[in-house]
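Undergrad: Here is my input, please return the structure:
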Amino acid sequence: MAMANRDRFMDLPQCLLGIIISFLPFKDAARTSVLSKLWLNVLRTTTNIEFEESFFVDPEESDATRANKRRAFVDFAREWVGN
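TA: Residues are numbered from 1 along each chain as shown. Got it, this is the predicted structure:
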């Protein structure tokens, strides 16, 4: 593999990657999980977990839509904590 194309992050231990990702806002850290299965596992080791309802619920939406999205938010938070 050419040196220019080498992913240096993959040379680091997963626990160190988890520490690095912990410095990112949770929403940005979650975006790394789409890179590969390894990054999804790294995300699960992060110690910076912030569940902000505003990521899921827009105050401008109808009451029914907000209630549905709020339930989805609570389900997401429960699933995350359960894993």
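Undergrad: how about low-confidence regions in this structure?
TA: 1-6, 51, 83 (pLDDT under 70).
Undergrad: would you list every one of the helices in this structure?
TA: For the chain, the helices defined by DSSP state H occupy 14-22, 26-31, 37-44, 63-82.
Undergrad: need those in TSV with distance to E52 and mean neighbour count, can you?
TA: In short, each C-beta sits where N, CA and C put it, glycine included. As requested, these are exported to TSV (distance: least, C-beta to C-beta, whole Å; neighbours: other C-beta atoms under 10 Å):
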stretch	distance to E52	mean neighbour count
helix 14-22	16	15
helix 26-31	8	15
helix 37-44	16	16
helix 63-82	9	12
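Undergrad: mind putting the ones you listed in TSV, distance to F55 included?
TA: Listed next are these as TSV, based on distance: least, C-beta to C-beta, whole Å:
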stretch	distance to F55
helix 14-22	17
helix 26-31	6
helix 37-44	15
helix 63-82	8
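Undergrad: Quick one, which of the ones you listed gets closest to E50.
TA: With C-beta to C-beta, the closest approach to E50 among the helices of the chain belongs to helix 26-31: 4.6 Å.
Undergrad: Need the contact partners of the closest one.
TA: Residues outside helix 26-31 that contact it (C-beta atoms under 8 Å, 6 or more residues apart in numbering) are 21-22, 43, 46, 48-52, 55.
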